[in-house]
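In: no sequence on hand, only this structure:
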């Protein structure tokens with residue numbers, strides 16, 4: 001898997017935002033990385049609901065999920081701004 005440098009449009013409830021990877025990540029984050037990925041069957045809540053179990057009763061459920069052997073997010077040392085790296089906020 002390789003992270004691309006082109007901007008990514010992110011949609012959320014308040015609107016949309018362009019994420020510019022080249023502004024937020026250091027060069028090592030753009031190097032190809034290998035992962036082992038498993039497909040699991042079961043009943044899984046949406047990732048946003050996994051962070052807030054109270055919302056789980058009304059959450060959309062999924063029958064499949066991808067499981068990575070290690071986090072697909074760049075490690076903290078590969079983020080340009082140590083105080084605001086998105087990897088810690090995006091993990092579930």
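Out: In hand now; what should we look at? As the structure is a prediction and not an experimental result, all values here were calculated from the model. Numbering: from 1, shown residues only.
In: helices along the chain, start to end?
Out: Ranges of helices within the chain are 21-24, 47-50, 86-90, based on DSSP state H.
In: quick one: the strands in the protein?
Out: Per DSSP state E, the chain carries strands over the ranges 8-12, 15-19, 37-45, 61-68.
In: redo those strands as JSON lines? Include mean pLDDT.
Out: Below are the strands of the chain laid out as JSON lines (pLDDT from 0 to 100):
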{"stretch": "strand 8-12", "mean pLDDT": "74"}
{"stretch": "strand 15-19", "mean pLDDT": "77"}
{"stretch": "strand 37-45", "mean pLDDT": "92"}
{"stretch": "strand 61-68", "mean pLDDT": "91"}
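In: dump the ones you listed into TSV; add distance to residue 79 and mean neighbour count as well.
Out: In this view, the C-beta of every residue, glycine as well, is placed from N, C-alpha and C. Below are the strands of the chain laid out as TSV (distance: least, Cβ to Cβ, whole Å; neighbours: other Cβ atoms under 10 Å):
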stretch	distance to residue 79	mean neighbour count
strand 8-12	15	9
strand 15-19	12	9
strand 37-45	23	11
strand 61-68	18	11
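In: now for those strands, which one comes closest to residue 31?
Out: Closest of the strands of the chain to residue 31 is strand 61-68, at 16.8 Å (criterion: Cβ to Cβ).
In: and the angle from that closest one to strand 37-45?
Out: 150 degrees (axes from the mean of the first three to the mean of the last three Cα atoms, to 10 degrees).
In: does residue 5 touch residue 21 like I think?
Out: Yes - the pair residue 5 / residue 21 is scored as a contact, 5.6 Å apart, by Cβ atoms under 8 Å.
In: anything in contact with each of those two?
Out: In the contact map built from Cβ atoms under 8 Å, 6 or more residues apart in numbering, the residues linked to both residue 5 and residue 21 are residue 30.
In: of those two, which one has the most company?
Out: Neighbour count, other Cβ atoms under 10 Å: between residue 5 and residue 21, residue 21 has more, with 16 against 13.
In: residue 23 reaches residue 80, doesn't it?
Out: Yes - if you go by Cβ under 8 Å, residue 23 and residue 80 touch, sitting 6.9 Å apart.
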